[in-house]
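heads up, no residue letters with this:
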């Protein structure tokens, strides 16, 4: 692996952190956020929802089990950078095929280690997520800040992460066909649908109602993805057009898109929810689930009145809206990740609920 020494992280508030580079030696500017997960760095690295972001891992040791061929969440890495306290370049894992640094170098993602990640997380927690730069240590701070301010926050990331062509994931003896709108879909979502007896047709985020219906779907799924949900105007209009004609399920960005399609409002959180230990209360049955989350934006629960959406889940820690449904039109959405491949599995029942909607709405078309 190529070690890039003498690198630094410059925050838009003027603070600098000095460390050791790994992965690509490119210079990057992106929003810096933190994730509290103890495992799953490969899934985080390959999650397209992190497009245009630099992720700081709060857990100190990263890289120790390497990278495996079977655990990617997308076909390419869209993350801009990775920040860790201690980087391990000698993985101990019989499944490992490459090191984290090698994969980052191949995908042009910059990394920096040996910095005080606990301090950085506290800064983001207190001041909010902000833009940052990873660059060579000798670059003047004034020049860094000038470039950061000129760059601004990225928009319209869906163009970078969504598939350009339709693709299929089939399962043995399918009961249903689900069309999944790719806003940055995680592969484990597709695998879960296959597990629950669904053939999946993955389509670009620009797909129209006619594009969707030619596949004769039993249901529509709106995936996770990066950025501001208001940038996903084609998908918002698609949900409005399909409401009442197909059961609809949304996860993460898809959940926010459904909220906007119904007339609710979204907003950017101070530092978002990113981790594998967020407690969420199901208001329908009173149970608390431990969930995996990754989002900067959320639906304003005070904007639900008159939309036709019912609040179903809330975050136990901060009371944020985590789930909604429209029983009349067979629509449900959730802010967190029930398909999490490297996290809690308390919420897998949501796939069963969607299967129930498919059955109740139109029966088993493929039987």
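That came through, no problem. Being a predicted model, the structure only gives us computed values, none of them experimental.

could you say what helices and strands the longest helix seen in the chain packs with?
With secondary structure taken from DSSP state H, the chain has its longest helix at helix 349-362. If contacts are counted by 3 or more C-beta pairs under 8 Å, 6 or more residues apart in numbering; DSSP states H and E, helix 349-362 sits against strand 176-182, helix 187-195, strand 219-222, strand 248-251, strand 331-334. Quick note: C-beta positions are derived from backbone N, CA and C, even for glycine.

Tell me where this structure is predicted with low confidence.
Residue ranges of the chain with pLDDT under 70: 1-5, 363-367.

and the residue nearest the centre of it, helix, strand or coil?
For the chain, the residue nearest the mean C-alpha position is residue 49 (3.4 Å; C-alpha atoms, centre = their mean). Using DSSP: H, G, I helix; E, B strand; the rest coil, the structure places residue 49 in helix.

Quick check: it touching residue 225?
Yes - because the distance of 5.8 Å satisfies C-beta atoms under 8 Å, residue 49 is recorded as touching residue 225.

which residues do these two both contact?
Each of 184, 252-253 lies in contact with both residue 49 and residue 225 under the rule C-beta atoms under 8 Å, 6 or more residues apart in numbering.

Residue 16: which of the residues you listed is nearest?
Using C-beta to C-beta, residue 184 comes nearest to residue 16 of the shared contacts of residue 49 and residue 225, at 31.2 Å.

what kind of secondary structure is the closest one in?
Strictly by three-state DSSP, residue 184 counts as coil.

From what I see, it and residue 162 are in contact.
Yes - taking C-beta under 8 Å as the definition, residue 184 is a contact partner of residue 162 at 6.8 Å.

what touches both of those two?
Shared contacts of residue 184 and residue 162, defined by C-beta under 8 Å, 6+ apart, comprise residue 225.

Which one's more surrounded, those two?
Between residue 184 and residue 162, residue 184 has the larger neighbour count (other C-beta atoms under 10 Å), namely 27 against 24.

Strands of the stretch 201-350 of the chain, residue ranges please.
With DSSP state E, counting those that start in this stretch as the criterion, the stretch 201-350 of the chain has strands at 219-222, 248-251, 266-282, 288-299, 310-315, 321-326, 331-334.

The fourth one to helix 349-362, inter-axis angle?
Relative orientation of strand 288-299 versus helix 349-362 (axes from the mean of the first three to the mean of the last three C-alpha atoms, to 10 degrees): 70 degrees.

just the third one next, same as before
With the same axes, to 10 degrees defining the directions, strand 266-282 sits at 100 degrees from helix 349-362.

what helices or strands is strand 266-282 leaning on?
strand 28-35, helix 253-261, strand 288-299, strand 310-315, strand 321-326.

elements contacting the longest one?
Under the contact criterion of 3+ C-beta pairs under 8 Å, 6+ apart, strand 288-299 touches strand 28-35, helix 253-261, strand 266-282, strand 321-326.

Kindly reformat the ones you listed as TSV containing mean neighbour count.
Formatted as TSV, the helices and strands packed on strand 288-299 follow (neighbours: other C-beta atoms under 10 Å):
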stretch	mean neighbour count
strand 28-35	22
helix 253-261	29
strand 266-282	19
strand 321-326	24
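
so how many other residues sit close to the nearest residue to residue 200 once chain neighbours are set aside?
Leaving aside its chain neighbours, residue 200 sits nearest to residue 169 (4.4 Å; criterion: C-beta to C-beta, 6 or more residues apart in numbering). Residue 169: 16 surrounding residues under other C-beta under 10 Å.

Then residue 165?
Neighbourhood size, residue 165 [other C-beta under 10 Å]: 7.

What strand or helix carries it?
Using DSSP states H and E, residue 165 falls within no helix or strand.

Beta-bridge partners for the residue nearest to it when sequence neighbours are not counted, please?
Nearest residue to residue 165 in three dimensions, chain neighbours excluded: residue 204, at 7.5 Å (C-beta to C-beta, 6+ apart). Applying DSSP bridges to residue 204 gives these bridge partners: residue 182.

For residue 204, give me its contacts.
Shown in contact with residue 204 (C-beta under 8 Å, 6+ apart): 162-166, 181-182.

And residue 353, by the same measure?
Residue 353 sits next to residue 332 when contact means C-beta under 8 Å, 6+ apart.
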